[in-house]
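Student: Sequence first, then the predicted structure:
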Amino acid sequence: MQEKERAPSPISGESCLTLAEFGPVEIRLILDEALRLKGLQRTGVPFQPLRGKTLAMIFQKPSNRTRVSFEVGMYQLGGHALPLSPQEIQMGKRETTSDIGKTLARYADAIMARVFHHQEVEELAEAAGVPVINGLSDLHHPCQALADLLTIREELGGLEGVKITYVGDGNNVAHSLALGCALTETRLTIAHPEGHAPDAGIVKLAGELGATPTLTQDPREGVAGAQVVYTDVWTSMGQEDEADERKNRFAPYQVNEELMDHAASGAIFLHCLPAHRGEEVSAGVIDGPRSRVFDQAENRMHAQKALLHMLLG
Ligand code: CP
Ligand code: NVA
């Protein structure tokens, strides 16, 4: 189908700071488009609707998947991506977040930003007036959740009614997964240590969007019947001072073969990566037959290509 024959994107010109900006129909359209673009790429059909467009990418924290998947994704769509390191941008130090947003919007068609404080992506979006994509903040990681949902849909043939259990820290990844599950009628349980529950406001928001995740402090009870078991690092970027204390507190929440045996038979394992074998996941699980973590990592690119095409389309 020629690009000009397609219906206009319902999210053209918007930002993606959390998944709550979108409704269930829009999330489904992004996932549909991601599958379509994945199919085109697999069959070698060029699709370059973003010719002449540039994405500025601000990184205040390290990255492998986000940096490479956005850069390669923009290239495949015919556009260009420009990575900016913390030393170059020095957000809030060399100049204000607002001035950075206003300046970058004069050169680039969209901005992707990985920041410490969620408020920084909000300030960028407010100032820039071009689409801003959150590439991870302390509270949200929406592009990751899109890739997670895409992977589950591919693996299980759909999302509605699927049971996912996230085991570990109630962090940015868990928050975006909660919003994504609520919008797609996917059932989510979060098994977390005491004091590491997801943010109460985001849990409430998930409820308003469609479904409140079930919270438990018992990992075995949490994974019972789960078709997908998901975990993330115990210490997120920016929390390094707490790493030792967290290792002790999170030890009973390791996803290992014994815990996977409590999930549904045939359950798959997901992890946003980077992973720490021997901490949040055993090597046997992440390197074993149930793991889909590299399909999930690949899907970051397909999901983000869909998002970029729909925001800039
Ligand atoms: N999952 C993820 O965001 O990976 P990076 O930190 O490597 O970008
Ligand atoms: N929760 C992790 C995710 C890394 C992709 C972090 O914020 O460091």
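Tutor: Structure received. Ligands and ions are numbered 1, 2, ... in the order given.

Student: Residue 22 touches residue 183, doesn't it?
Tutor: Yes - with contact defined as CB atoms under 8 Å, residue 22 reaches residue 183; the gap is 6.9 Å. Placement of C-beta: from N, CA and C, glycine included.

Student: which bits of the protein sit near ligand 2?
Tutor: Neighbours of ligand 2 within the chain, by CB under 6 Å from any ligand atom: 136, 171, 172, 173, 232, 233, 236, 237, 272.

Student: Name the nearest residue to the fourth one, ignoring sequence neighbours.
Tutor: Meaning residue 173. Distances taken as CB to CB, 6 or more residues apart in numbering place residue 232 nearest to residue 173, at 4.5 Å, with adjacent residues excluded.

Student: I'd say that neighbour and residue 168 touch.
Tutor: Yes - under the criterion of CB under 8 Å, residue 232 makes contact with residue 168 at 5.7 Å.

Student: Checking residue 229 next. Helix, strand or coil?
Tutor: strand (DSSP: H, G, I helix; E, B strand; the rest coil).

Student: how close does it get to residue 271?
Tutor: 9 Å (CB to CB, to the nearest Å).

Student: who has more neighbours, these two?
Tutor: residue 229 (28 against 25; other CB atoms under 10 Å).

Student: Would you map the helices across this protein?
Tutor: Counting by DSSP state H, one finds helices in the chain at the ranges 24-42, 65-76, 86-89, 97-107, 118-128, 142-156, 172-184, 200-209, 219-223, 243-250, 257-260, 283-286, 293-312.

Student: what comes up buried for the one helix or strand in the chain whose mean pLDDT sits lowest?
Tutor: Sorting the helices and strands of the chain by mean pLDDT, DSSP states H and E puts helix 86-89 at the bottom, at a mean of 91. Under the neighbour-count criterion of 16 or more other CB atoms under 10 Å, helix 86-89 has residue 89 buried.

Student: what's the answer for stretch 79-96, then?
Tutor: In stretch 79-96, the ones that count as buried by 16+ other CB under 10 Å are 79, 80, 81, 82, 83, 84, 89, 91, 92.

Student: Switch those over to TSV; also include distance to ligand 1.
Tutor: Formatted as TSV, those follow (distance: CB to the nearest ligand atom, whole Å):
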residue	distance to ligand 1
79	19
80	19
81	14
82	17
83	12
84	15
89	17
91	18
92	21
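
Student: Which members of these are positioned in strands?
Tutor: Per DSSP state E, strands hold the following members of those: 80, 81, 82, 83, 84.

Student: So of those, which two are at opposite extremes in space?
Tutor: Greatest spatial distance in those: 80 and 84, 13.2 Å, computed using CB to CB.

Student: Read off the pLDDT value for residue 129.
Tutor: With respect to pLDDT, residue 129 scores 96.
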